[in-house]
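Engineer: Quick one: sequence plus predicted model below, questions after.
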Amino acid sequence: MTQSDQPAQPVPPESKPKFWQSLTGHTMIIGALALLLLIPLGLVQSLVQDRAARLNGVQTEIGEMWGREQWVSNLTLVIPVRLTTPPTAADEIAEVVVPIFPQSADITAALRTEQRKRGLYAVPVYTSRIGMKALFRADEVARRLGPNAQALWGRAYLGVIVNDARRASADGWNAATAVDAGRMHDAILSSTGHFGAGRFIGRPLTEAEAASLSSDQAFTFEFELPGIRALHVSPGLSNTSITITGNWPSPSFGGSVLPTKRDVTDQGFSASWILTNTALEAESVTPGPARDQDKPFFHVSVQLNEPVSAYGKTERVANYGVLFIILTFTVYFLFEVIGCTAVHPMQYALIGCGLCLFYLLLLSTSEVAGFAIAYVLSAAAVVAQMALYTWSILGRAKGLVIGAVGATLYGLLYVLLILEGIPLLAGSWALFVILSAVMWLTRKLDWSRTLKPA
């Protein structure tokens with residue numbers, strides 16, 4: 001039998017490629033890996049929030065020792081008064097405390113700020129030197145005392161209510177008795193609706209000052225008050241000029257109204273408010289017990305803000321974590337479909353873990369070295385890790401490309417963090433350019449073809 005007469009060997013049927021070997025299946029596997037990496041990203045974000053909560057706890061602890069966030073009322077003249085009721089079988093004598101508020105007042109506060117540290121955490125604190133000059137009208141004093149009142153001038157005080165008086169000190173301060181201080185505090189509250197917490201501090205009215213109240217008089221009161229984070233001043237219903245200065249470079253002004261004038265430099269700040277009685281009456285809340293406790297009384301505020309904390313910046317960076325994973329995986333996917341190389345899903349997973357580790361490195365290093373240095377060190381470490389790993393599995397050229405891409409992405413992210421007002425604009429256009437480039441590079445790609453095995 002000749003060779004041509006021999007029966008032909010059957011051709012084995014061509015094996016059908018598995019779904020995961022197609023571009024579509026491979027893309028879905030990569031997408032699933034990106035979703036799984038949301039777990040470590042979520043853990044990192046939770047850790048950032050825990051550390052930020054710890055910082056708030058440290059601020060509270062330091063505030064308990066140094067001085068809490070301070071609230072200060074306007075200067076008030078407080079006079080104990082003995083009243084005799086109409087004659088009865090036995091004359092009844094009652095004693096009340098009458099608060100008298102100024103016609104106008106000038107308030108100045110100078111804040112000396114510093115940083116107090118506990119472990120890795122630094123908290124801004126201040127010592128404020130507050131000066132008040134208030135004009136009291138004689139006819140208002142007479143009207144408030146009434147015709148049947150016997151003023152106890154020896155126990156009259158000029159003073160204010162402050163939120164935390166534990167370390168307060170005042171010029172000429174001679175503390176009222178506990179009974180009088182409590183009654184003075186309650187009398188001011190019942191007439192103005194000021195904050196309920198706090199303590200009355202002041203100085204006694206001298207005999208000469210008491211005698212001078214037969215005519216309009218201006219009295220002064222100065223005191224020092226340590227605090228933390230913020231200073232709030234409530235003018236009551238008086239025509240009031242308030243000026244607050246300090247050496248903190250990043251204040252925030254708030255409260256019920258913004259400053260009339262403000263000036264902020266790297267060396268400090270100055271802000272002033274001019275408040276009229278008419279405006280205050282329109283904006284003030286209902287006095288006394290009827291006041292809505294959820295609505296703050298009229299006040300002006302200065303917050304000692306820190307430039308966005310390392311925790312806040314790290315959390316903002318972590319919000320871009322998924323985007324970084326997707327963009328990096330896209331580069332490796334282009335290596336596969338254009339460069340005809342193979343990257344195993346396990347290699348994608350290792351690269352994704354390295355990207356997640358960046359945020360942990362950033363968080364831990366920023367607590368010691370500051371955010372900018374921590375960002376550069378962490379980004380350099382992760383980019384070098386990716387580049388060397390890619391070099392070892394895909395070759396030198398692709399390792400250099402992935403290093404350049406990683407450095408560009410981290411550099412772009414840092415620029416977005418420091419931009420004021422336009423990060424969304426810049427970021428959205430950058431993404432548009434990146435997506436357009438990917439669409440151009442894959443425009444002729446056959447998505448149904450089989451990938452080269454890894």
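Structural biologist: Great, that's in hand.

Engineer: The residue nearest to the spatial centre of the chain: what's it in contact with?
Structural biologist: Ranked by distance to the mean C-alpha position of the chain (Cα atoms, centre = their mean), the top residue is Asn305 at 6.7 Å. Going by Cβ atoms under 8 Å, 6 or more residues apart in numbering, Asn305 touches Ser250, Pro251, Ser252. All C-beta atoms are positioned from the backbone trio N, CA, C, and that covers glycine.

Engineer: Just give me the least confident of those.
Structural biologist: The lowest pLDDT within the contacts of Asn305 belongs to Ser250, which sits at 83.

Engineer: so what's that residue up against?
Structural biologist: Contacts for Ser250 (Cβ under 8 Å, 6+ apart) come out as Val264, Leu304, Asn305, Glu306, Pro307.

Engineer: Which parts of this protein belong to which domain?
Structural biologist: In terms of domains, the chain is parsed into 20-51+311-441, 69-307 (source: automatic domain parsing).

Engineer: Of all those, which one is nearest Glu61?
Structural biologist: The closest of these to Glu61 is domain 69-307. By Cβ to Cβ, the value is 7.2 Å.

Engineer: Mind listing what's buried along stretch 242-261?
Structural biologist: For stretch 242-261, the neighbour count (16 or more other Cβ atoms under 10 Å) marks 242-246, 248-249, 251, 253, 255-257, 259 as buried.

Engineer: swap in stretch 53-65?
Structural biologist: For stretch 53-65, a neighbour-count test (16+ other Cβ under 10 Å) marks Leu55, Val58, Gln59, Ile62, Gly63 as buried.

Engineer: Just give me how far it sits from the chain centre.
Structural biologist: 14 Å (Cα atoms, centre = their mean, to the nearest Å).

Engineer: Run through who's touching that stretch.
Structural biologist: By Cβ under 8 Å, 6+ apart, stretch 53-65 touches Glu69, Arg116, Arg118, Gly119, Tyr121, Val123, Val125, Gly227, Ile228, Arg229, Ser309, Tyr311.

Engineer: Show only the entries of the contacts of Asn305 found in strands.
Structural biologist: When DSSP state E is applied, these are split such that Pro251, Ser252 fall in strands.

Engineer: Just put the contacts of Asn305 in TSV and tack on distance to Ser73.
Structural biologist: TSV is the format used below for the contacts of Asn305 (distance: Cβ to Cβ, whole Å):
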residue	distance to Ser73
Ser250	27
Pro251	22
Ser252	22
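
Engineer: nearest to Arg155, of the contacts of Asn305?
Structural biologist: Of all those, Pro251 has the smallest distance to Arg155: 39.5 Å, by Cβ to Cβ.

Engineer: Identify the bridge partners of the closest one.
Structural biologist: Leu304 (DSSP bridges).

Engineer: Just name the shakiest helix or strand of the protein by mean pLDDT.
Structural biologist: Least confident element among the helices and strands of the chain, by mean pLDDT, DSSP states H and E: helix 178-192 (a mean of 48).

Engineer: mean confidence for whichever helix or strand comes after that one?
Structural biologist: Downstream of helix 178-192, the first helix or strand assigned by DSSP states H and E is strand 199-204. Confidence over strand 199-204 (mean pLDDT, whole number) is 80.

Engineer: same question for the helix or strand just after strand 199-204, mean pLDDT?
Structural biologist: Downstream of strand 199-204, the first helix or strand assigned by DSSP H and E is helix 207-211. In this model, helix 207-211 has a mean pLDDT of 82.

Engineer: Please state the offset of helix 207-211 from the chain centre?
Structural biologist: On the basis of Cα atoms, centre = their mean, helix 207-211 sits 47 Å off its chain's mean C-alpha point.

Engineer: buried sites along that helix?
Structural biologist: Glu209, Ala210.

Engineer: after that helix, next one along is what?
Structural biologist: Once helix 207-211 ends, the next helix or strand along the chain (criterion: DSSP H and E) is strand 217-228.

Engineer: Of the contacts of Asn305, which is the nearest to Lys133?
Structural biologist: Lowest distance from Lys133 to the contacts of Asn305 (Cβ to Cβ) belongs to Pro251, with 24.1 Å.

Engineer: Verify the stated contact: the closest one with Val302.
Structural biologist: Yes: between Pro251 and Val302 there is a contact under Cβ atoms under 8 Å: 5.4 Å.

Engineer: Now the common contact residues for these two.
Structural biologist: Phe269, Ala271.

Engineer: re earlier: now, which of the buried residues of stretch 53-65 lie within helices?
Structural biologist: Judged by DSSP state H, helices contain the following of the buried residues of stretch 53-65: Leu55, Val58, Gln59, Ile62, Gly63.

Engineer: returning to what we had before: include pLDDT and distance to Cys340 when you put the buried residues of stretch 53-65 into a markdown table, please.
Structural biologist: Below are these laid out as a markdown table (pLDDT from 0 to 100; distance: Cβ to Cβ, whole Å):
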| residue | pLDDT | distance to Cys340 |
| --- | --- | --- |
| Leu55 | 75 | 51 |
| Val58 | 75 | 56 |
| Gln59 | 72 | 57 |
| Ile62 | 74 | 61 |
| Gly63 | 69 | 63 |
